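J.: Structure of the sequence below:
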Amino acid sequence: MSAEILRSPGDDCIRQFSIFADNKVGRLNDIIMMLAQHNIHILSICTVDTTDSAILRLIPDYWEDAKKLFEEQGLAFSLNEVMVVEFDSEKDIRNVTCALTQTEINIHYTYPMLMRPQGKCGLVLHLEDNDMATDILSSSGIKVLKLSDLAR
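T.: From the prediction side, this is the model:
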């Protein structure tokens with residue numbers, strides 16, 4: 001069972017899964033092992049804990065393969081577009097937040113990337129307007145990544 005908020009197929013947007021899982025010992029490991037067994041790599045991961053359940057947010061290298069696997073396994077998830085920005089050090093985070101604040105783009109949440117080519121830092125952003133944010137951040141000299149920049 002999935003809920004999706006996406007652009008058309010074939011675009012180069014980065015997709016994030018929010019998987020709704022039981023809050024029990026080993027559930028996160030089960031999902032990670034399932035992805036590994038199907039050669040799907042996790043590029044970024046974040047968990048949000050509640051009393052009875054957990055939300056596992058993750059970005060795989062190939063979202064179509066992960067979606068098919070999650071559906072086959074009967075996992076409840078939503079699929080959303082997120083933005084990933086690249087920078088040289090944590091000091092550059094303020095450039096991102098300042099640019100978005102000046103244009104009044106709301107940041108719903110952020111979390112870091114696990115791995116990036118060329119050893120740069122990456123930050124996942126869930127925003128209210130990705131298109132406007134891409135324009136603003138790019139014009140501010142901040143590199144906004146696409147799926148093709150992340151996939152292996």
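J.: what's the pLDDT at the closest residue to residue 53 other than its chain neighbours?
T.: With sequence-adjacent residues excluded and distances taken as C-beta to C-beta, 6 or more residues apart in numbering, residue 53 is closest to residue 23, at 5.2 Å. Every residue, glycine included, has its C-beta placed from N, CA and C. Per-residue confidence at residue 23 stands at 81 (pLDDT).
J.: Repeat that for residue 52.
T.: At residue 52, pLDDT is 79.
J.: Residue 152 too?
T.: Residue 152 carries a pLDDT score of 62 in this model.
J.: Going by residue numbers, what spans are strands in this structure?
T.: Using DSSP state E, the strands assigned to the chain run over residues 2-5, 14-22, 42-49, 53-60, 76-87, 107-112, 121-127, 143-145.
J.: buried sites along the longest one?
T.: Using 16 or more other C-beta atoms under 10 Å as the test for burial, strand 76-87 gives 77, 78, 79, 80, 81, 82, 83, 84, 85, 86, 87.
J.: Just confirm the first one contacts residue 17, I think it does.
T.: Yes - here residue 77 reaches residue 17: they are 5.1 Å apart, a contact under C-beta atoms under 8 Å.
J.: Common neighbours of the two, please.
T.: Any residue near both residue 77 and residue 17 by C-beta atoms under 8 Å, 6 or more residues apart in numbering counts here, and that gives residue 70.
J.: what number of residues lie near the residue nearest to residue 53?
T.: The local packing of residue 23 (other C-beta atoms under 10 Å) involves 14 other residues.
J.: Residue 92 now?
T.: Around residue 92 there are 17 residues (other C-beta under 10 Å).
J.: just checking, residue 55 touches residue 22?
T.: No - applying C-beta under 8 Å, one finds residue 55 not in contact with residue 22, separated by 11.5 Å.
J.: the more surrounded of these two?
T.: Neighbours per residue (other C-beta under 10 Å) separate residue 55 from residue 22, with residue 55 holding more: 17 against 11.
J.: okay, the residue nearest to that one when sequence neighbours are not counted: pLDDT?
T.: Among residues not flanking residue 55 along the chain, residue 48 sits closest, at 4.4 Å (C-beta to C-beta, 6+ apart). For residue 48, the pLDDT comes out at 88.
J.: Tell me which residues touch residue 48, please.
T.: 54, 55, 57.
J.: which sections of the chain are below the confidence cut-off?
T.: 1-10, 116-117, 152 (pLDDT under 70).
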